[in-house]
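Novice: After the sequence you'll find the predicted model.
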Amino acid sequence: MDTSEFVIGQRWVSHSDTALGLGIVTDISGRRVTLGFPAADEERTYAIDNAPLSRIIYQIGEEIETFDGERYLVRAVDDLGGVLMYHADDGSDNLTQISEVKLSSLVDFSAPHQRLFAGQFDRNGAFRLRMATAQHQDRLRASSAQGLIGARTQHLPHQIYIAHEVAKRYAPRVLLADEVGLGKTIEAGLILHYQLHTSRARRVLIVVPDSLIHQWLVEMLRRFNLRFSIIDQGRYEAMEDFAELPEEDDDLADADENPFESEQLALCSLDFLMASEQAQADAIAAGWDLMVVDEAHHLAWSPQAVSPEYRLVEQLSATSKGLLLLTATPEQVGVASHFARLRLLDPARFHDLEAFKEEEKQYEVINRVVSQISEQGVTALSSDDRNSLKDWLGDELDALMSAEQPEQAVIDALLDRHGTGRVLFRNTRAAIKGFPERHPLPAALPCPGIYQHNDIVHGIGGLTPETAMEEEQWLAEDPRVAWLEKTLSGLKPAKVVVICAHASTAMALEHYLQLRAGIRSAAFHEHLSLIERDRAAAYFSDTEQGAQALICSEIGSEGRNFQFAHHLILFDLPANPDLLEQRIGRLDRIGQTDTIDIHIPYLQGTAQESQYRWFEEGLNAFSESCSVGVAVHEHVAAQWQAAIDGQIEELPALLEASQKEAERLRTLLRNGRDALIELNSCRPEVADALISQIESEEESARVRDYMIEACDILGVDVEDHSEHADVLRPGEQYQAGHVTELPEDGMTVTWSRQQALEREDMAFMSWEHPLVTGVMESVTSSGLGKAALASMTVKALPPGTLLLEALFTVHCPAPESLQLSRYLPVSPLRLLVDVNGRNLSATLPHDRLNDMCSNIRRRTAQAIVPQIRPQVETMVDHAEALAEPQLEPLRTSALARVREVFGPEIRRLEAMKKVNPAIRDDEIGFFREQLAAAETALGQASLSLEGIRVIVTA
Ligand SMILES: Nc1ncnc2c1ncn2[C@@H]1O[C@H](COP(=O)(O)OP(=O)(O)OP(=O)(O)O)[C@@H](O)[C@H]1O
């Protein structure tokens, strides 16, 4: 660089530190030049020979801005002794003279060629990364697997189906009611992940029982990378401590005034909310996009009595757009409560309990017609059935019959428009198959004198007679205690879950086993703090040093994962059959590999024996999951009470009546409601197609290849760990701003889903891991790789020939929630042109060019750029001219796709509304608004130049 190039007053930019802004030459002495950088309030001195500086000269037609913020268009440029004078237009054809000295120091060279001319160009690899990022983002956003690839879960069809079906809805409001242990938490997690990943939701509240807080926190993080914050009493107390700080710390206290507002992803327990009016008010005031309530059977409701829990969730759900209720036993507290939960989801549809009950009676007929259609086709229907169809589907039937696949169209319409199809999903073990057997092992024990003497072995209390006695006494004399000790010793070292109804029983048993019998055990009950409970569960799950037995009160029968154990001891039996199912469900869940032994000690001639026999012989509830227990109980309530009260002679009649009623209900449900719900809860062909799509996404486009290249460019060291696994660590050239999720001490990652399922200590690097999405977003939104210079040797081209490789993407300013990328993908368009405007894109594809290009030394490149500027500008013009005609077809097909998706959806919802008020007005309104907004946004779409690589032949 020649000294004479620098003149005081000139504007230059540092390409090694662009954040300094536009510098001004303030001093030249000897072989050194000094620049002031007003934007950064800094001064720097450089050796003239190798100053990393580029001269900034605006061209005719470009916009300039003065330091006082006025903007002008350059019309002419004069060189006055080395300092430029711009003749600029203020937009009203008034020409003003502006010396470059007066230019604003805040410069943003956003156009790729401006960056190139300002010396802000990168090496070849950065351009390649930019191109690859655009291509991957484009493919991923258009994929139906989007939102479902990031979870560390096995692909189970029933879960993937539900997740996809629910997550794609606007503000979904559904009841996830799979049988115990089939993965409702996972389904909810998948839905949350999808909605958050696609920006359909941002604020989420999860409400669960106290005992499940930690499990949810961990599951959301390790499986879905979702970081929830727990809001509990401790958080409020910490806020009070802040409030007492001196005044200058007030901001800190204010910021946290409503913790539900300051968290985007909040997790709290229903018990805590019930105990704190302040927390209730805060949670309601905060407003949510999506709320999840686990173990929703606790929300009891009847027309006469509404539980406080129900009332609270009702208020909360009114402030949340979406709502996911989870329960394995929807009818545990009766059909009225089940109806009331549906009412929470959709008050317009479920407003009348009696009408709901009446409607359920129709299900059998609907199911019969559905089966007939799927077996024989629509045309084979009898005229009676056709008339019924007409009644159910109204005028819409004709349109459905002329659909491409009329059978499927009619069945879909029936499932959609009738019953609980849209809001209720329930998968059963019977439908999913592959679950291990359950093996009941009863142990009849003599009733001890202490109980007989007090006559406390009958009635509901007779199920837990020990609670009426002194602890010392029953521990010594209740034969179940000695039996328990012996059974546990006999099963050693197998892990055993012991469940009893009351905390006092669990505590006494655990002390006894630990201290007197020397059996390693842990207690799990409501009198322990959350941390103590988690510690107990962790001690139990430890395979080497852990406890053999976990003695739980009833709170251990909900939600917890104990499938690594194969033995369950029911120290007593619950009165409610659904509670029995919940207890067994701790072991009988996804991941259970062995037959489950259910040990049932009971005292002969007492309520315990009647209850055991009722469950076993009346309901067959030990060997098989029983969904009709509560309904059967309602039917035989008087006989059951008599048997429990000690009228043993009533037992045979009770058992017979229960068997009959259970059979009748099972047949009814199999033919009616359950069949319809099952059809709606998993369509295997849709689920399989989705899974194939996810798998091919995982297999075809290798996230590892992409990330290895990104790591190389962003200064992250990649160390081989083992097959499928690497260790990522910040390296010497680490660009932290692009890799925000990488911890300082690095992380071990696996690229294989299978390994991720086995090795929880490794992060699962999928296309949806935050580290990967973070890198992609950062590459696209930053200037990295926007401009590059490369050299290439090709015999056919004379040295010094210039080529320009350009990357265009479609730019469509619209809210992310519109999801326009699904219809108008960024559609990366790559063009290769020469100075004469020849389109060489097909002759030299990107990959081939990559192999041929090599980097140019930075100093050489800096010297070349000013010389080739006019040719580069010409080539950019050529590329833009070639790109422009490609926009219209993209826009037209995007518009067609938007209409294709929204149009039928709106028509369908409108048709449904005529026969079924399940459809909310805001849902239809939402789709209409989305369509209108999408059409407007698409009209404004444009092509934007996102990157250039200038290639100079050598
Ligand atoms: N797709 C999956 N991949 C891996 N593990 C899974 C998957 N689905 C479920 N599991 C595991 O199976 C167990 C049961 O799942 P989950 O807790 O979601 O069931 P649930 O239906 O909510 O149970 P409950 O009715 O007891 O509340 C958990 O340990 C969960 O981690």
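Specialist: Alright, I've got the coordinates. Numbers count the residues shown, from 1 in each chain.
Novice: Hmm, Val423 is touching Asp346, no?
Specialist: Yes - using Cβ atoms under 8 Å, Val423 makes contact with Asp346 at a distance of 5.8 Å. C-beta coordinates here come from the backbone N, C-alpha and C atoms, glycine included.
Novice: List the contacts of stretch 105-123.
Specialist: Applying Cβ atoms under 8 Å, 6 or more residues apart in numbering, the contact partners of stretch 105-123 are 13, 15, 18, 21-24, 37-39, 52-54, 56-57, 65, 67, 713, 783-789, 806, 855, 861-862, 865-866, 869, 872-873, 876, 945-948, 950.
Novice: Please list all residues in contact with the residue nearest to Pro479 when sequence neighbours are not counted.
Specialist: On the basis of Cβ to Cβ, 6 or more residues apart in numbering, the spatially nearest residue to Pro479 that is not a chain neighbour turns out to be Leu445, at 4.2 Å. By Cβ under 8 Å, 6+ apart, the contact list for Leu445 reads 479-480, 483, 601-604.
Novice: Of those, just the buried ones, PyMOL syntax please.
Specialist: Applying 16 or more other Cβ atoms under 10 Å to those leaves a buried subset, and the PyMOL line that selects it is:
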select buried, resi 480+483+601+602+603
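Novice: on that earlier part again, narrow the contacts of stretch 105-123 to those in helices?
Specialist: Secondary structure of the contacts of stretch 105-123 is defined by DSSP state H; positions in helices are 713, 861-862, 865-866, 869, 872-873, 876.
Novice: PyMOL command to pick out the buried ones of those residues?
Specialist: Here the buried members of the ones in helices among the contacts of stretch 105-123 are turned into a PyMOL selection, burial being counted by 16+ other Cβ under 10 Å:
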select buried, resi 713+861+862+865+872+876
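Novice: Any regions of the stretch 851-954 of the chain where pLDDT drops low?
Specialist: Low-confidence regions of the stretch 851-954 of the chain, defined here as pLDDT under 70, cover residues 904, 908, 911-912, 914-920.
Novice: In this structure Ser54 contacts Trp12, no?
Specialist: Yes - in this structure, Ser54 sits in contact with Trp12. The criterion is Cβ under 8 Å, and the distance is 6.4 Å.
Novice: ok, the residue of the stretch 301-450 of the chain at minimum distance from the ligand - contacts?
Specialist: Taking Cβ to the nearest ligand atom as the measure, the point where the stretch 301-450 of the chain comes nearest the ligand is Ala328, at 3.6 Å. By Cβ under 8 Å, 6+ apart, Ala328 lies in contact with 177-182, 184, 581-582, 585.
Novice: Reformat those residues as a markdown table; add distance to the ligand, secondary structure and neighbour count.
Specialist: Written out in a markdown table, the entries for the contacts of Ala328 read as follows (distance: Cβ to the nearest ligand atom, whole Å; DSSP: H, G, I helix; E, B strand; the rest coil; neighbours: other Cβ atoms under 10 Å):
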| residue | distance to the ligand | secondary structure | neighbour count |
| --- | --- | --- | --- |
| Ala177 | 9 | coil | 27 |
| Asp178 | 5 | coil | 26 |
| Glu179 | 7 | coil | 22 |
| Val180 | 4 | coil | 22 |
| Gly181 | 5 | coil | 26 |
| Leu182 | 5 | coil | 26 |
| Lys184 | 4 | helix | 28 |
| Glu581 | 9 | helix | 25 |
| Gln582 | 7 | helix | 26 |
| Gly585 | 5 | coil | 23 |
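Novice: which one of those sits closest to Val826?
Specialist: Nearest to Val826 among the contacts of Ala328, counting by Cβ to Cβ, is Lys184 at 35.6 Å.
Novice: Need the single longest helix in this protein, by residues.
Specialist: If each helix of the chain is counted by residues according to DSSP H, the longest one is helix 887-915.
Novice: and which of the contacts of Leu445 is nearest to Gln563?
Specialist: Within the set of those, Pro601 lies nearest Gln563; the separation is 22.9 Å, counting by Cβ to Cβ.
Novice: My guess is Ala279 contacts Cys268. True?
Specialist: Yes - with contact taken as Cβ under 8 Å, Ala279 and Cys268 are classed as touching, separated by 7.3 Å.
Novice: Buried only: go through the contacts of stretch 105-123 for me.
Specialist: By neighbour count, with 16+ other Cβ under 10 Å, the contacts of stretch 105-123 hold 13, 15, 18, 21-24, 37-39, 52-54, 56-57, 65, 713, 783-789, 806, 861-862, 865, 872, 876, 945-948, 950 as buried.
Novice: Is the residue nearest to Ser521 when sequence neighbours are not counted bridged to anything, and to what?
Specialist: Among residues not flanking Ser521 along the chain, Ala549 sits closest, at 4.2 Å (Cβ to Cβ, 6+ apart). Taking DSSP bridges, one obtains Val496, Ser521 as the residues bridged to Ala549.
Novice: contacting residues for Ala549?
Specialist: By Cβ under 8 Å, 6+ apart, the contact set of Ala549 is 488, 495-498, 513, 519-522, 540.
Novice: and these as JSON lines, adding distance to the ligand?
Specialist: What follows is the contacts of Ala549, written out as JSON lines (distance: Cβ to the nearest ligand atom, whole Å):
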{"residue": "Leu488", "distance to the ligand": "24"}
{"residue": "Lys495", "distance to the ligand": "15"}
{"residue": "Val496", "distance to the ligand": "18"}
{"residue": "Val497", "distance to the ligand": "13"}
{"residue": "Val498", "distance to the ligand": "18"}
{"residue": "Leu513", "distance to the ligand": "25"}
{"residue": "Ile519", "distance to the ligand": "26"}
{"residue": "Arg520", "distance to the ligand": "23"}
{"residue": "Ser521", "distance to the ligand": "22"}
{"residue": "Ala522", "distance to the ligand": "19"}
{"residue": "Phe540", "distance to the ligand": "14"}
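Novice: out of these, who's nearest Ile48?
Specialist: Distances from Ile48 to the contacts of Ala549, taken as Cβ to Cβ, are shortest for Phe540 (73.0 Å).
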